[in-house]
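K.L.:
Okay, predicted coordinates and the sequence, questions at the end:
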Amino acid sequence: MSDWCREPPPPQLLEGIAQFNRGEYFVQHETLELLWRAERRELRRLYQGILQIGVACHHLRRLNHHGTVYMLTRGSRYLAPFAPRCCSVDVQALLDDAAAALREVHRLGPARLAEFPYPARCKAPAPPSQHPVKPRRAVLPC
């Protein structure tokens, strides 16, 4: 793990994760894109990966099979080097949940994507400081 993964999460990352968890996928995209573009270190790929998993949730909500598969796959590739944890984010939990969602999306295929057990929103694992009680594991989408 790089030393910068031990850094506390920047406020924009916390806000982007909160937006993601509220189902505000377009807004989280804008928030995390500003953070991603400003960051020059490889840490920018962490922000980009979370952003893209959120975009996958947006595509899933709109029943866009191709967009969901593409963004779950691409976002996971960006996140993988940061597992298990970076900037207090449980990256491994997000990767595991994205992989489970991708398997289900593939199983259903485009014609049956509406059957995906998609409640109101996806979740990203917020850093522990954002949890007033014991953190619960993210389930994507949940």
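P.N.:
Structure received.
K.L.:
separation between C5 and R74?
P.N.:
21 Å (CB to CB, to the nearest Å). Using the backbone N, CA and C atoms, a C-beta is placed for each residue, glycine as well.
K.L.:
Likewise for P9?
P.N.:
22 Å.
K.L.:
So if I had to pick from these two, which one is more boxed in?
P.N.:
Using other CB atoms under 10 Å as the criterion, P9 and R74 rank with P9 on top: 19 against 16.
K.L.:
Now the more buried one. Nearest residue, chain neighbours left out?
P.N.:
C87 (4.2 Å; CB to CB, 6 or more residues apart in numbering).
K.L.:
pretty sure the one you found contacts S2?
P.N.:
No. If you go by CB atoms under 8 Å, C87 and S2 don't touch, sitting 10.6 Å apart.
K.L.:
what is in contact with the two at once?
P.N.:
Counting by CB atoms under 8 Å, 6 or more residues apart in numbering, the common neighbours of C87 and S2 are L43.
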